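[1] From the sequence below, what's the structure:
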Amino acid sequence: MLASTISLDKCYQLLGIYRGASLDELKAAYRSLARKFHPDLNPGDLDASQRFIALNEAYQVLLGKIQAHSVRTAPATPVSSPAPACTTRRDAPPAKTHPAKKNEDELKWQLYYELQSLLKQQQFLKAIVLIEGLAHHNPLDAQVCQWQGIIYSQYGHQLIQHREFDKARIYLKKALKVDPHNRQLWQEVDRAFNRITQLS
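    Sure, this is the predicted structure:
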């Protein structure tokens, strides 16, 4: 479970919020910091990548805590009262979240941390097997597609260093195919193809 890997005090500290902060305050703090440390905006910055991972973990822990507190303290609602039309699954209290969906989300983020570890060790083939399995299970998940594109691109760069240009081209093209709307990825792949042209 994610909650067992990081203390609550550390979660509040990482996100820069106080105990008792509202769900909206949590989300606002997370969005601001996630944009600042997102890997796409800090390519090659290992410190930013680690901070981004820690922020995600802290957010998931506090999100569960705050939502659970909201459920315990919310006044009873008549069964006949309809839910507001703007309510989304993401903002719904855990009581309305299907257990299977919650488990899938936890598994997804656990796999994400494992992927980060593999990338740091440059175990790209293992990372590819893992991300392709996750993508097969969640083919429409934009985050998974983004992770897949990044992994293919990084493996392509490693192949260029080993002068395996044909194989590098295959993985660079696959990166663009799985995440075609990622402008940062397009720029990195374009630089990689230019590098291949210079070396070959």
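[2] Flag every buried residue along stretch 138-145.
    Val144, Cys145 (16 or more other Cβ atoms under 10 Å). C-betas here are computed from N, CA, C, even on glycine.
[3] Put the alpha carbons of that stretch into PDB.
    Output of stretch 138-145 as PDB, limited to C-alpha atoms (Å, rounded to 0.1, in the frame of the first residue of the first chain):
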ATOM      1  CA  ASN A 138      -5.100   0.400 -19.800                       C
ATOM      2  CA  PRO A 139      -5.000   1.200 -23.500                       C
ATOM      3  CA  LEU A 140      -6.800   4.500 -23.200                       C
ATOM      4  CA  ASP A 141      -4.900   5.800 -20.100                       C
ATOM      5  CA  ALA A 142      -3.100   9.000 -21.200                       C
ATOM      6  CA  GLN A 143      -0.600   8.800 -18.400                       C
ATOM      7  CA  VAL A 144       0.400   5.200 -19.300                       C
ATOM      8  CA  CYS A 145       0.800   6.300 -23.000                       C
END
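[4] Just the mean pLDDT for it, thanks.
    Average pLDDT, stretch 138-145: 86.
[5] which outside residues touch that stretch?
    Residues outside stretch 138-145 that contact it (Cβ atoms under 8 Å, 6 or more residues apart in numbering) are Glu104, Lys108, Ile131, Leu134, Ala135, Val178, Asp179.
[6] change it to 10 Å
    104, 108-109, 111-112, 131-132, 134-137, 147-148, 177-182 (Cβ atoms under 10 Å, 6 or more residues apart in numbering).
[7] buried subset of those residues?
    Lys108, Trp109, Leu111, Tyr112, Ile131, Leu134, Ala135, Trp147, Gln148, Val178, Asp179, Asn182.
[8] So which of the contacts of stretch 138-145 belong to helices?
    Those of the contacts of stretch 138-145 mapping onto helices are 104, 108-109, 111-112, 131-132, 134-137, 147-148, 177-178, per DSSP state H.
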